[in-house]
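Colleague: What follows is a predicted structure for the sequence shown.
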Amino acid sequence: MSRITRRTLLELTPTIATLIVAEAGIASAQEQPSQRVSKDQLKHALDILGLEFTEEQRSMMLPGVNRALTGYEGLRKISIPLDTEPAFHFRPALPGKEPKPRASKFVPTHVARLTSFKDADELAFLSVTALGPLVRAKKISSTDLTKMYLARLKKYGPKLLCVVTLTEDLALEQAAQADKEIRAGKYRGPLHGIPYGAKDLFNTKGILTTWGAEPYKEQVPTYTCTAVERLTNAGAVLVAKLSMGALAQGDVWFAGTTKNPWNLEQGSSGSSAGSASATAAGLIGFSIGTETLGSIVSPSTRCGVTGLRPTYGRVSRYGAMGLSWTMDKIGPICRSVEDCALVLNAMHGPDGHDVTTIDAPFDWNPGMPLANMKIGYAKADFERSQGFGGGGGRGGNQPNPQLAEDRKKMYADALEALRKAGANLEEMEVPRTDAQTAVFLLQAEAAAAFDDITRDGRVTTLRGQGANDWPNSFRSSRVIPAVEYIRAQRVRTLLQQQMDEFMQKWDVLVTPFGGPLLTATNLTGHPQVVVPCGFLNNAPQSILFTGRLYEEGAPLRVAHAFEQATEWHTMHPKMDWV
């Protein structure tokens, strides 16, 4: 992360001193501030925050409040680089419970691989586990595979609005290098020569990285993020920077709404919108995205692909846009479960930049018997019918009894497939938590991350300007008290303890997509895997697998068993709308 220079330190010194003086309630005669905040204004502000103090107490507060304003103004004059982290860090594991460093135990599957393919359309929708052996065996070159995906990106990308920047020159250069190395017998592994796309918040040196937002449309980083660097080291080929909701919200960016390839009347959900859309449409071999509060699992569900949100701190955030420093996670979006395992295996681990990333092993064994695992399923949530409406299976204003019954049957079939695959499913109830009360932590940190464009007005150039969009959220978050923010972080510690105790009973939880567990685990940092499990109203649906901290291999294993017992992951949208 950025280092503080001597000049910055000199700039900071008077500001810090002013704040310390203000906090201590000390002021010399020369430092007495003008009363810019009146008694009435202070009272109204406290009323808004639901706080009641006596008139005498408010009078005593007033000089300190006015002195503090001077310190705040000093802070705002300091230029802070966008990639500067705050001087605090979140660790998902409780004290004494972080895994010890050791070598990972990564066992790839040993199943029959394709030795040929019919045509480009079949090739486009193959998983990495199928593409890799074809490239290694020289049945197709990385260059030809890259050209095929680039052609599809050019053909389908404009309709889906899923591409921000094609990295064609870089891709062809990387593909040629991959072919050269493979011919020489220098095979780097299963991602070698495989084209992929990256959400457009990952820094790529010399290549536009726009964050989907008008203020950053011309932004060109001077360095490459760790996640992309590690994929490059694994031999993967970057073909495109993919669309994202502006500043990681939703599926609307400065060019419009990223589309779901299954239904062009529908957005692809967010904020890893382009990553899910392009993967589902067969425009890339795989993709990477980020999640803060659903931004991998939600678009993966909408677009009918597989997404993995790893444990917080599993993959370095260095060089990725910071939205919430204590909640952002990086993970893959793919066409199979094992693809996700392969990509995570290439990216995980500390890099000397992101202090939240620890040296924890990533174990993956797709042959581990399910019967040896403690797997809990949320029976009541799967059988729920009340409150389930229309809207393609994702809720609606009007109840739809038939759709509710279809949903119950779909999930009953999914659970039966798991049982036939060898899983001993035990009924459990998702724990009730206070997670929702702490969600504003995201809004507070996001507002801090983009405070400069909020105050200078550039936030008004974003396409989304509604009550639920970032500009209003950034402004509203300006009145979140620091005391409440810290209290919420303490509530988060209690939530960590609660989830840790609950997860001692289970290796994996199986639930429908969404619900309170999605919110809770994004705050605690637990990993989740989402895979397609059917259709409702012709819209893809998914099932969710949650694991313990730093144990992604367990939910991936159960998800893989489900995938192998069904065919939902092999289905792809008809690309007849061009």
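Modeller: It's in. Numbers count the residues shown, from 1 in each chain.

Colleague: For the helix or strand harbouring residue 476, which outside residues touch it?
Modeller: Secondary structure from DSSP states H and E places residue 476 in helix 470-476. Here helix 470-476 makes contact (Cβ atoms under 8 Å, 6 or more residues apart in numbering) with 246-247, 249, 443, 446-447, 450-451, 454, 459-460, 462, 464-466. C-beta here means a position set from N, CA and C on the backbone, and glycine is covered the same way.

Colleague: Which positions in it come out as buried?
Modeller: 470, 471, 473, 474 (16 or more other Cβ atoms under 10 Å).

Colleague: Residue 91: which of the contacts of helix 470-476 is nearest?
Modeller: Using Cβ to Cβ, the shortest approach to residue 91 within these belongs to residue 446, at 20.6 Å.

Colleague: ok, the closest one touching residue 469?
Modeller: No - shown here, residue 446 and residue 469 do not form a contact pair, counting by Cβ atoms under 8 Å, at 11.7 Å.

Colleague: These two: who's more crowded?
Modeller: Per other Cβ atoms under 10 Å, whichever of residue 446 and residue 469 has more neighbours is residue 446, with 23 against 19.

Colleague: Next one: the residue lying closest to the more buried one once chain neighbours are set aside from residue 440, what distance?
Modeller: Spatial nearest neighbour of residue 446, chain neighbours left out: residue 323 (5.2 Å); criterion: Cβ to Cβ, 6 or more residues apart in numbering. Distance, residue 323 to residue 440, using Cβ to Cβ, to the nearest Å: 14 Å.

Colleague: So between the two, which is more surrounded?
Modeller: Neighbour totals were compared for residue 323 and residue 440, and residue 323 leads with 24 against 17 (other Cβ under 10 Å).

Colleague: In terms of helices and strands, where is the closest residue to residue 293 other than its chain neighbours?
Modeller: Nearest residue to residue 293, sequence neighbours excluded (Cβ to Cβ, 6+ apart): residue 522, at 5.1 Å. Assessed by DSSP H and E, residue 522 sits inside helix 516-524.

Colleague: Low-confidence stretches in the stretch 101-250 of the chain?
Modeller: Across the stretch 101-250 of the chain, the ranges flagged by pLDDT under 70 are 110-114.

Colleague: can you give me the helices in the stretch 251-400 of the chain?
Modeller: 273-280, 297-303, 337-347, 379-383 (DSSP state H, counting those that start in this stretch).

Colleague: Next secondary structure after the helix holding residue 522?
Modeller: Immediately after helix 516-524, counting by DSSP H and E, sits strand 528-536.

Colleague: Which strands or helices does that next one pack on?
Modeller: Judged by 3 or more Cβ pairs under 8 Å, 6 or more residues apart in numbering; DSSP states H and E, the packing partners of strand 528-536 are helix 297-303, strand 306-309, helix 337-347, helix 401-420, strand 539-547, helix 553-565.

Colleague: From the rest of the structure, what touches the helix or strand where residue 443 lies?
Modeller: If you go by DSSP H and E, residue 443 is part of helix 440-449. Helix 440-449 is touched from outside by 82, 86, 247, 292-293, 322-327, 454, 470, 473-478, 480, 484-485, 488-489, 492, 523, with contacts defined as Cβ under 8 Å, 6+ apart.

Colleague: so where do the helices sit in the stretch 1-150 of the chain?
Modeller: 6-24, 39-48, 55-76, 120-124, 128-136, 142-160.

Colleague: Residue 92: which of those is closest?
Modeller: Short answer: helix 128-136, nearest of the helices of the stretch 1-150 of the chain by Cβ to Cβ, at 27.6 Å.

Colleague: circling back: rebuild the helices of the stretch 251-400 of the chain as CSV, extending it with mean neighbour count.
Modeller: Shown next, in CSV, are the helices of the stretch 251-400 of the chain (neighbours: other Cβ atoms under 10 Å):
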stretch, mean neighbour count
helix 273-280, 34
helix 297-303, 31
helix 337-347, 26
helix 379-383, 15
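
Colleague: nearest to residue 513, of these?
Modeller: Using Cβ to Cβ, those put helix 297-303 closest to residue 513, at 5.0 Å.

Colleague: starting at the chain centroid, how far to the closest one?
Modeller: Centre-to-centre, helix 297-303 and its host chain are 12 Å apart (Cα atoms, centre = their mean, to the nearest Å).

Colleague: which residues touch the residue nearest to the spatial centre of the chain?
Modeller: Geometric centre of the chain, nearest residue: residue 291, 1.3 Å, by Cα atoms, centre = their mean. Neighbour list for residue 291: 272, 297, 309, 328, 329, 331, 522 [criterion: Cβ under 8 Å, 6+ apart].

Colleague: on that earlier part again, how about whichever helix or strand comes after the helix holding residue 443 as PDB, C-alpha atoms only?
Modeller: Note on helix 440-449: by DSSP H and E, the next helix or strand toward the C-terminus is helix 451-455. C-alpha atoms of helix 451-455 as PDB (Å, rounded to 0.1, in the frame of the first residue of the first chain):
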ATOM      1  CA  ASP A 451     -15.500  11.200   0.000                       C
ATOM      2  CA  ASP A 452     -13.400  13.400  -2.400                       C
ATOM      3  CA  ILE A 453     -15.800  13.000  -5.300                       C
ATOM      4  CA  THR A 454     -18.800  13.500  -3.000                       C
ATOM      5  CA  ARG A 455     -17.500  16.800  -1.800                       C
END
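
Colleague: which residues sit against helix 451-455?
Modeller: Here helix 451-455 has contacts from 76, 80, 215, 447, 459, 471, 474, 475, 478, using Cβ under 8 Å, 6+ apart.

Colleague: Could you give the bridge partners of the nearest residue to residue 149 once chain neighbours are set aside?
Modeller: The spatially closest residue to residue 149, leaving aside those adjacent along the chain, is residue 195, at 4.6 Å (Cβ to Cβ, 6+ apart). Note on residue 195: beta-bridge partners residue 237, judged by DSSP bridges.

Colleague: unless I'm mixing things up, residue 195 is touching residue 239, no?
Modeller: Yes - counting by Cβ under 8 Å, residue 239 is a contact partner of residue 195 at 4.4 Å.
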